[in-house]
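*Asks:* Sequence plus predicted model, see below.
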Amino acid sequence: MDIEFLAPLTEKIEGMAIGLIQALPSIGLAFAALILTWCASLFVQKLFGKIFSTSHMRRSLIDFFLLLIRISVWIFGILMALTIIFPSMTPAKMLAGLGIGGIAVGFAFKDVFENFMAGAMIMLRKPMRIGDYIECEGLNGRVETITIRDTHIRRTDDQLVLVPNSFLFSNPVYIRTDKDLRRFTVICGVSYDTDLDEAAEVISKAVKAQDVVHQDKPIQVFAREFNSSSVDFTIRWWSKSKPIDMHTSRDKVLRAIKRALDDANIEIPFPYRTLTFKENLGISTDEVQETK
């Protein structure tokens, strides 16, 4: 069997094998460089971790800086390994190639980089911290983790929601627990024949007597408006800002106001309706007595 046509292929394979054998020392050095890079990454992470632990930086921001440091160390190590394997590839050429490739990668992973930058900005901003209760576009819950790509929000019903950082960065975020105390407001109406000064005094005392109400902050009772069946009061007080504290405080205050107004014989009216008819309905007195 004539196998002369396989000669070029055989020569090619032999050349590749010889080239691979000749490149083995360079590959070994490159592999050693990657191992050194891995060791350097761990060392630098521990070193800067100890340095950052003595600062007053937030944990999420510390993790962000440690990630950037690890990425920088690995980029340097990979470039060094590639230079060992391919001596003709200088760092300048590799950086130029990374620049051109980075444009293509940037377009392909636009959303990923957008979330990355948004995560960095969220970590650098002071207000939102781990453990804060927030609300954004109808989503509310406690911040559990802030990562480079998304933020983990634990809802009050214990469901975990992973929110892209770009969503939080581009929409208004209400931080409910930015302060330890929050002001709460309810509306309460009394009948028109009520002495408003007396009603305001009764309501104020009822609110002040509750242990969930912060006593160093003002308790405010304002006559609000003439409603259809009542004169309405705006009632304001301060209490703790967590969601469970909000529900507890509102519950106790509303119960206390109702009980105090009942004890003072002050009516909280329901809507009254006066009906007029164009024609006589023809209902006699006897018929009304029979219905009774």
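*Replies:* In hand now; what should we look at?

*Asks:* can you give me the strands for this structure?
*Replies:* 133-136, 139-146, 150-154, 160-164, 174-175, 181-190, 220-226, 231-240 (DSSP state E).

*Asks:* Quick check: buried residues in the fourth one?
*Replies:* By neighbour count on 16 or more other C-beta atoms under 10 Å, the buried set for strand 160-164 is 163-164. In this view, the C-beta of every residue, glycine as well, is placed from N, C-alpha and C.

*Asks:* Ok, the third one next?
*Replies:* Applying a neighbour-count criterion of 16+ other C-beta under 10 Å, one finds 150-153 buried in strand 150-154.

*Asks:* for the first one, same thing?
*Replies:* Judged by neighbour count using 16+ other C-beta under 10 Å, the buried positions of strand 133-136 are 133-134, 136.

*Asks:* try stretch 26-33
*Replies:* Under 16+ other C-beta under 10 Å, the buried positions of stretch 26-33 are 30, 33.

*Asks:* Mind telling me which residue is nearest the centre of the protein?
*Replies:* residue 143 (5.1 Å; C-alpha atoms, centre = their mean).

*Asks:* Got the confidence number for that residue?
*Replies:* Predicted confidence (pLDDT) at residue 143: the value is 88.

*Asks:* same deal with residue 188?
*Replies:* So, for residue 188, pLDDT stands at 94.

*Asks:* What sits closest to it if chain neighbours are left out?
*Replies:* residue 233 (5.1 Å; C-beta to C-beta, 6 or more residues apart in numbering).

*Asks:* wait, doesn't the one you found sit right on residue 225?
*Replies:* No: the pair residue 233 / residue 225 is not scored as a contact, 9.5 Å apart, by C-beta atoms under 8 Å.

*Asks:* got the contact list for residue 139?
*Replies:* Residues near residue 139 by C-beta atoms under 8 Å, 6 or more residues apart in numbering: 153, 155, 161, 163.

*Asks:* With pLDDT and distance to residue 198 added, can I get the residues you listed in a markdown table?
*Replies:* Output for the contacts of residue 139, formatted as a markdown table (pLDDT from 0 to 100; distance: C-beta to C-beta, whole Å):
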| residue | pLDDT | distance to residue 198 |
| --- | --- | --- |
| 153 | 91 | 47 |
| 155 | 91 | 44 |
| 161 | 91 | 49 |
| 163 | 88 | 50 |
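
*Asks:* Of those residues, which pair is most distant in space?
*Replies:* 155 and 163 (11.0 Å; C-beta to C-beta).

*Asks:* Quick one: mean pLDDT for stretch 46-59?
*Replies:* 73.

*Asks:* try stretch 195-213
*Replies:* Average pLDDT, stretch 195-213: 94.

*Asks:* Tell me the buried residues in that stretch?
*Replies:* Neighbour-count burial for stretch 195-213 [16+ other C-beta under 10 Å]: 199-200, 202-204, 206-207, 210, 212-213.

*Asks:* got a list of contacts for that stretch?
*Replies:* 188, 190, 215, 219, 221, 223, 231, 233, 235, 237-240, 245, 248-249, 252-253, 256-257, 259-261, 264, 266.

*Asks:* Buried ones among those residues?
*Replies:* Neighbour counting by 16+ other C-beta under 10 Å classes 188, 190, 219, 221, 231, 233, 235, 237-240, 245, 249, 252-253, 256-257, 260-261, 264, 266 among the contacts of stretch 195-213 as buried.

*Asks:* residue contacts, the residue nearest to residue 188?
*Replies:* 187-190, 199-200, 203, 221-224.

*Asks:* what would the residues you listed look like in TSV with distance to residue 26?
*Replies:* Output for the contacts of residue 233, formatted as TSV (distance: C-beta to C-beta, whole Å):
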residue	distance to residue 26
187	79
188	83
189	86
190	90
199	90
200	87
203	85
221	83
222	82
223	87
224	82
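
*Asks:* Just the closest of those to residue 275, please.
*Replies:* Nearest to residue 275 among these: residue 189, at 21.9 Å, using C-beta to C-beta.

*Asks:* Tell me the spacing between the closest residue to the closest one other than its chain neighbours and residue 66.
*Replies:* The shortest distance from residue 189 to any non-neighbouring residue, by C-beta to C-beta, 6+ apart, is to residue 230 (3.0 Å). According to C-beta to C-beta, to the nearest Å, residue 230 and residue 66 sit 60 Å apart.

*Asks:* Please apply the same query to residue 229.
*Replies:* 63 Å.

*Asks:* Also residue 207?
*Replies:* 49 Å.

*Asks:* One more: residue 24?
*Replies:* Using C-beta to C-beta, residue 24 is found at 35 Å from residue 66.

*Asks:* Okay then, goodbye and thanks.
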